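Novice: just coords:
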Ligand SMILES: Cc1cc2nc3c(=O)[nH]c(=O)nc-3n(C[C@H](O)[C@H](O)[C@H](O)COP(=O)(O)O)c2cc1C
Ligand code: SF4
Ligand code: FES
């Protein structure tokens, strides 16, 4: 089930949703035009929006609901159920460190702790104050024979060591 | 010496994650600088994952492998590759010899993975040249009943976990009333320690498409969906391209392989929810809802996607079907033991020296996989525990490693073969921490429909914390152990699906086989393990 902090990050389905800015509105409209006719269109629509905006703005929920003839509560429920969807923007770089069993067997948990410590992120505050990085756990990237593994800005990295992680983070050019 | 070189560098995520693209860039730069005519084929992965990036060079003796190669190795490799290509052999610390003769590969029984790593995944020409579409052609030449008979007789059982006979499921859908039917592929592959589905999708996507097309012909479906987890963007991209090309070429689409029947295929992406791998939660997700598990009945085979009869199978189940149609049910059935027919692509993962994909007939033992293929741990320390069958599978201690890998034999010891994922932990592992993690994962991923799973998992984390914190207080400690066992009982008996219903497997197996990790006196099983180590 969705972690409570994710649910809390979005406004409750009943409250007023912030307006979309014109750029966001354009993206939402374009994605809806392209995907609303698919059977079971909601997930493809949410993916389309998040791929382009980096998150699903809460203000998009009522727009999507109207287009698909769903209640806002239904759309809100779906956005918050799935770990992948964000209701607020992430940092400029997103690091997902695998903490499933095969990665745990080779030091995955220590890497996650190292990344959080290095970047000033925590479980409760996945995005650091500078908003340069978001660090979050992930549960298996399919690289379990080459653990530990992580994904940085959509790119996979396997057989990580503390030194390789440090080098990867340094390569983002945003750490001291 | 003619300066022409054909090299193979995988495009599989496993290779990309350790720098395959940088290796290709370095090779191209080297070719440009030396005026060499270079062809680089981006193949799938051979599955020898400790050797990725596994670079192969075409030689008169066959393909010769080098690995693990990084971009920095390219300058010293270059002259050796040229010598190899010219048939003059070569010597280099990374040289592994003729690929097909590497024992890890040579000792496998590759049916599903026969082409993976050999061909260019998106080349229709390669696919056809390596027995591709033979199963679909055979299916087109038969009627539905004959296809169903072949799949049933092959003994193929679902590879996603529950091991339900595929032929029976397909027959139910074929016979269900209704003119609209669906074929859905479960490519959620959420289990830690598994990557075989991913390797098929990235390394031989037409195989999956072919298997699904055969299913569609058998049950009379015109629409299919492949539900891929969002953690696999590479697989999604390869599949989308493969579907496009296969449709253009007429293998699927309006006239499936000239059969006059239609079958359209779409890829859909999950969104980071483990429970959406459960088939009915997946259907909910495909319909655009939260992934809440449905009560059965009705079976998805009768009322599945959008209420219509639906075949839902794992990637490896569909991927086994073309071989069955092409080579015959008897050929496939002949592999395996007991009621576990055919082969399973086992996946050796975690703390293992030679991690990778090992396709073998059912019936070998875990010990053969761990020692014979895996070569022990990567850390060099003794193996302590092995989790088979994903996060809902039991931890097996050494006393259980000689049980044949067979669905029934595993069930008899309270374990599961599942999707064939094998995760190895060395003696630094803390099984109490792993048991706690199993409960934590269940709490995180529970769909929330039933109380024992939703609440019980959170209570489970707390109980294990108290248990470990009170090692020194025998009375409290004992109470917590009793509480944990009760809780597991309730979850086992009172959960709607295997998420809540099987989380007790890893927890109880950890408690039973590794009591010392929980601060308990060693039980007989554990001392046996210690002696054998
Ligand atoms: C919590 C949970 C997660 C599951 N995850 C997967 C999965 O990732 N992939 C899969 O093929 N089956 C998964 N299954 C099993 C499916 O429910 C179902 O048995 C399978 O899709 C049927 O296909 P098969 O008969 O070919 O195995 C899961 C089951 C449960 C209870
Ligand atoms: S056992 Fe857990 S995941 Fe399965 S239906 Fe019940 S609450 Fe949902
Ligand atoms: S467990 Fe980390 S990649 Fe699979």
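Specialist: Perfect, thanks for sending it. Everything numeric in this text was worked out from a predicted model, so none of it was measured. Ligands and ions are numbered 1, 2, ... in the order given.

Novice: List the contacts of the residue nearest the centre of chain B.
Specialist: Per Cα atoms, centre = their mean, the C-alpha nearest to the average position across chain B is that of residue B:196, at 3.0 Å. Residue B:196 makes contacts with B:189, B:315-316, B:345, B:347, B:357, B:419-420, as judged by Cβ atoms under 8 Å, 6 or more residues apart in numbering or on different chains. Every C-beta, even on glycine, is put in place using the N, C-alpha and C of the backbone.

Novice: before we move on, what about residue B:38?
Specialist: B:4-7, B:27-28, B:31.

Novice: Among the residues you listed, which lie within strands?
Specialist: When the contacts of residue B:38 are checked against strands (DSSP state E), the matches are B:4-7.

Novice: Now, of those, which are buried?
Specialist: Neighbour counting by 16 or more other Cβ atoms under 10 Å in any protein chain shown classes B:5, B:7 among the ones in strands among the contacts of residue B:38 as buried.

Novice: picking up where we left off before, check the gap between the residue nearest to the centre of chain B and residue B:209 for me.
Specialist: Between residue B:196 and residue B:209 the distance is 17 Å, computed by Cβ to Cβ, to the nearest Å.

Novice: pLDDT of the host helix or strand of residue B:317, averaged?
Specialist: Element membership of residue B:317 [criterion: DSSP states H and E] is helix B:315-327. Per-region confidence: helix B:315-327 scores 98 on mean pLDDT.

Novice: can it be found next to chain A?
Specialist: No. Helix B:315-327 stays out of contact with chain A when judged by Cβ under 8 Å from any Cβ of the partner chain, the minimum separation being 11.9 Å.

Novice: Could you give me the buried positions within that helix?
Specialist: Neighbour-count burial for helix B:315-327, counted by 16+ other Cβ under 10 Å, picks out B:315-327.

Novice: Include distance to ligand 3 when you put these into CSV, please.
Specialist: CSV is the format used below for the buried residues of helix B:315-327 (distance: Cβ to the nearest ligand atom, whole Å):
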residue, distance to ligand 3
B:315, 16
B:316, 17
B:317, 21
B:318, 22
B:319, 20
B:320, 23
B:321, 27
B:322, 27
B:323, 27
B:324, 30
B:325, 32
B:326, 32
B:327, 32
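
Novice: If we only consider the residues you listed, which is nearest to residue B:269?
Specialist: residue B:315 (14.8 Å; Cβ to Cβ).

Novice: so where does the residue nearest to the closest one when sequence neighbours are not counted fall, helix or strand?
Specialist: With sequence-adjacent residues excluded and distances taken as Cβ to Cβ, 6 or more residues apart in numbering or on different chains, residue B:315 is closest to residue B:197, at 3.8 Å. Using DSSP H and E, residue B:197 sits in helix B:196-203.

Novice: quick one, helices of the stretch 51-200 of chain B?
Specialist: For the stretch 51-200 of chain B, applying DSSP state H, counting those that start in this stretch gives helices covering B:74-85, B:103-106, B:124-129, B:134-140, B:144-154, B:166-175, B:196-203.

Novice: Buried residues in the shortest one, which are they?
Specialist: When burial is assessed from 16+ other Cβ under 10 Å, helix B:103-106 yields the following buried residues: B:104-105.

Novice: That helix packs against which elements?
Specialist: Helices and strands touching helix B:103-106, as assessed by 3 or more Cβ pairs under 8 Å, 6 or more residues apart in numbering or on different chains; DSSP states H and E, are absent.

Novice: picking up where we left off before, look at the residue nearest to the centre of chain B and report its pLDDT.
Specialist: For residue B:196, the predicted pLDDT is 98.

Novice: now it: how far from ligand 3?
Specialist: 12 Å (Cβ to the nearest ligand atom, to the nearest Å).

Novice: nearest spatial neighbour of that residue, skipping sequence neighbours?
Specialist: Closest to residue B:196 by Cβ to Cβ, 6+ apart is residue B:345, at 4.2 Å.

Novice: quick one: average confidence on stretch B:453-465?
Specialist: 97.

Novice: With stretch B:138-153 instead?
Specialist: 98.

Novice: touching ligand 1 at all, it?
Specialist: No. Using Cβ under 6 Å from any ligand atom, stretch B:138-153 never reaches ligand 1; the gap is at least 11.5 Å.

Novice: neighbouring contacts of that stretch?
Specialist: B:165-168, B:170-171, B:174, B:213-214, B:217-220, B:256-259, B:321, B:324-326, B:328-330, B:333.

Novice: Give the buried residues for the longest helix along chain B.
Specialist: Looking across chain B with DSSP state H, the single longest helix is helix B:474-494. Residues of helix B:474-494 classed as buried: B:477, B:480-481, B:483-485, B:487-488, B:490-492 (neighbour count, 16+ other Cβ under 10 Å).

Novice: now for it, which elements pack on it?
Specialist: helix B:451-469, helix B:498-502, helix B:504-513.

Novice: How confident was the prediction at residue 101?
Specialist: I went with chain A, as the question did not name one. pLDDT, residue A:101: 98.

Novice: ah, no, chain B please
Specialist: In this model, residue B:101 carries a pLDDT of 98.

Novice: how many neighbours does it have?
Specialist: If you count neighbours by other Cβ atoms under 10 Å in any protein chain shown, residue B:101 ends up with 13.

Novice: Against ligand 2, how distant is it?
Specialist: 46 Å.

Novice: which residues touch the residue in chain B that chain A sits nearest to?
Specialist: Proximity of chain B to chain A (Cβ to the nearest Cβ) peaks at residue B:355, 2.9 Å away. Shown in contact with residue B:355 (Cβ under 8 Å, 6+ apart): A:144-146, B:49-50, B:348-349, B:374, B:378.

Novice: which among the buried residues of helix B:474-494 gets closest to residue B:301?
Specialist: residue B:492 (25.9 Å).

Novice: And for that closest one, nearest residue in space, chain neighbours not counted?
Specialist: Residue B:492 sits nearest to residue B:504 (Cβ to Cβ, 6+ apart), 5.1 Å away.

Novice: Now the nearest residue to residue A:138 once chain neighbours are set aside: phi and psi?
Specialist: Counting by Cβ to Cβ, 6+ apart, residue A:138 lies nearest to residue A:96, which is 4.0 Å off, once chain neighbours are set aside. Per-residue torsions, residue A:96: phi -110, psi 120 (degrees, to the nearest 10).

Novice: what number of residues lie near the residue lying closest to residue B:403 once chain neighbours are set aside?
Specialist: Leaving aside its chain neighbours, residue B:403 sits nearest to residue B:409 (5.3 Å; criterion: Cβ to Cβ, 6+ apart). Each residue near residue B:409 was counted by other Cβ under 10 Å, and the total is 18.
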